[in-house]
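Peer 1: quick one, what's the 3D model for this:
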Amino acid sequence: MPKTSPTTAPTEKQKRRAVTDDDRIKWAIARHTRDPVRGRFPTVAEIADDDDVRRDSSVVSRGIQAAFENRLVVIQRVAPLQQPARDESLENALKERFPKLRKAIVVRTTAGGQHPDDDAVHELLGTAMAHDLHASATVRDHEVIGIGSGRGVFYLATALQKLPELRIEEVSLVSLSGRVYPKAHKRWVNVPMDADNHLVLLGLCFEGKLTLVPIFRDIVHRGQGTLEEALKNTPLESHIWASRTPTQAFIGVGVLSTGHRFYNEIQLPPEERSEVLRPIVADLDALVKLADRITNAAKHAYYPVGDICHTLFFIPPPVGLSISPQEERQLKDYITKLNNRLINVKLEQLKQIRLVSLIAGTPQKAGAIHALLRTDSAFDIRVQVICTDDRTAAAIHALASNGR
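Peer 2: Below you'll find the predicted structure:
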């Protein structure tokens, strides 16, 4: 019989695993990512010794070099997120005028007589709010945070993503409003600025354990069963809300006028209107026409319908303006009818939140914000933080100084 060679153990060379592009990318990113435990960037030897790597240091070093040479990984200098200029005098004036305010953030937007567009204003507000969150201990471990819809909250989320993650051990984010599916926005075409989407964006900004609680419902209840049945298994259902009531919330404020998603929908031809809002379009159309008539008569000095988390509310007219009792009754009737069809947080629930931060700007919203800040407000929502622009802050202060 011919001789056979004895079986030998595989050599170290045979044991070596091929290095893939995914390996090179992972090692390159690890080498340039600060380790929060060590407080520094890891060495090549530390990466090589990691349980998920277990390679020779020279292999890891060559892999990192190849990642950059082959442009699998590119490092670019990114300008730091600039803190918007703030108006301290207006901040102090608001806090003096409204005792329940713990903090006022007023962003300067007026430069050389030029005013930025509404989107630019809200981007500045979101950026200012993001910087404040990093500089303060507003969000604490194990909090339940309610999240609203709209531009202010959207820009808060996008700004926070440009800053280091918030170091929170555990946090829950809860949606406060159903989906509207806006068709477009000036800068962000078809970006859904709804609360459910904001949960995902904000979820990327926290370092610790994260729980997201979306609503997963369209904003309008279509009338099959009661509203309470439509809220079943959402964070707004009574018993779920009682067990997970938000400790604080970040929300916007609006008025039923140009730019508001409900208002803009009514301006569209019937064939272009959203199916989501179709069940309420008749009542919404009537409310928009009535509100427009009042606003036009006041020469745009008064917008009678406000919105917080898509819950509509009546705004009393400022000193020197008035509406008839019939108009006020009609406004309130339409508002009640519409609110009873909407899947969103209600005013009674908002009253239970310990700390509410409003992110809202542009002067036409001054009356709505003022109505929520007033000490004698019927809403009794605990607004302790306001982030707005200088023109809106001045308008709010003027309304308060005039006694209304």
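
Peer 1: from here on, contacts and neighbour counts on C-alpha atoms
Peer 2: Fine.

Peer 1: any idea of the pLDDT on the spatially most central residue of the chain?
Peer 2: Taking Cα atoms, centre = their mean, the centroid of the chain lies closest to Val153, which sits 2.5 Å from it. The model reports Val153 with a pLDDT of 95.

Peer 1: so which strand or helix has it?
Peer 2: In this assignment (DSSP states H and E), Val153 forms part of helix 151-160.

Peer 1: mind saving the C-alpha coords of that helix as PDB?
Peer 2: Extracted in PDB, the C-alpha atoms of helix 151-160 (Å, rounded to 0.1, in the frame of the first residue of the first chain):
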ATOM      1  CA  ARG A 151     -41.800  72.600  12.200                       C
ATOM      2  CA  GLY A 152     -40.500  73.700  15.600                       C
ATOM      3  CA  VAL A 153     -40.200  70.100  16.900                       C
ATOM      4  CA  PHE A 154     -38.900  68.900  13.500                       C
ATOM      5  CA  TYR A 155     -36.100  71.400  13.600                       C
ATOM      6  CA  LEU A 156     -35.300  70.600  17.200                       C
ATOM      7  CA  ALA A 157     -34.800  67.000  16.200                       C
ATOM      8  CA  THR A 158     -32.600  67.800  13.200                       C
ATOM      9  CA  ALA A 159     -30.500  70.200  15.200                       C
ATOM     10  CA  LEU A 160     -30.000  67.700  18.100                       C
END
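
Peer 1: and for Thr20, the neighbour number?
Peer 2: 10 (other Cα atoms under 10 Å).

Peer 1: okay, buried residues for stretch 276-286 please.
Peer 2: Using 16 or more other Cα atoms under 10 Å as the test for burial, stretch 276-286 gives Val276, Leu277, Ile280, Val281, Leu284, Asp285.

Peer 1: quick check: the farthest pair among the residues you listed?
Peer 2: Within the buried residues of stretch 276-286, two members stand farthest from each other by Cα to Cα: Val276 and Asp285, at 14.8 Å.

Peer 1: mean confidence for stretch 341-352?
Peer 2: Stretch 341-352 carries an average pLDDT of 94.

Peer 1: what sits up against it?
Peer 2: 176-178, 217-223, 227, 230-231, 236, 245, 280, 309-311, 379-382 (Cα atoms under 8 Å, 6 or more residues apart in numbering).

Peer 1: how distant is it from the center of its chain?
Peer 2: 17 Å (Cα atoms, centre = their mean, to the nearest Å).

Peer 1: so who does the residue nearest to Leu156 when sequence neighbours are not counted touch?
Peer 2: Leaving out its chain neighbours, the residue that sits closest to Leu156 by Cα to Cα, 6 or more residues apart in numbering is Gly126, at 3.8 Å. By Cα under 8 Å, 6+ apart, the contact set of Gly126 is Gly152, Val153, Phe154, Tyr155, Leu156, Ala157, Ala159, Ile359.
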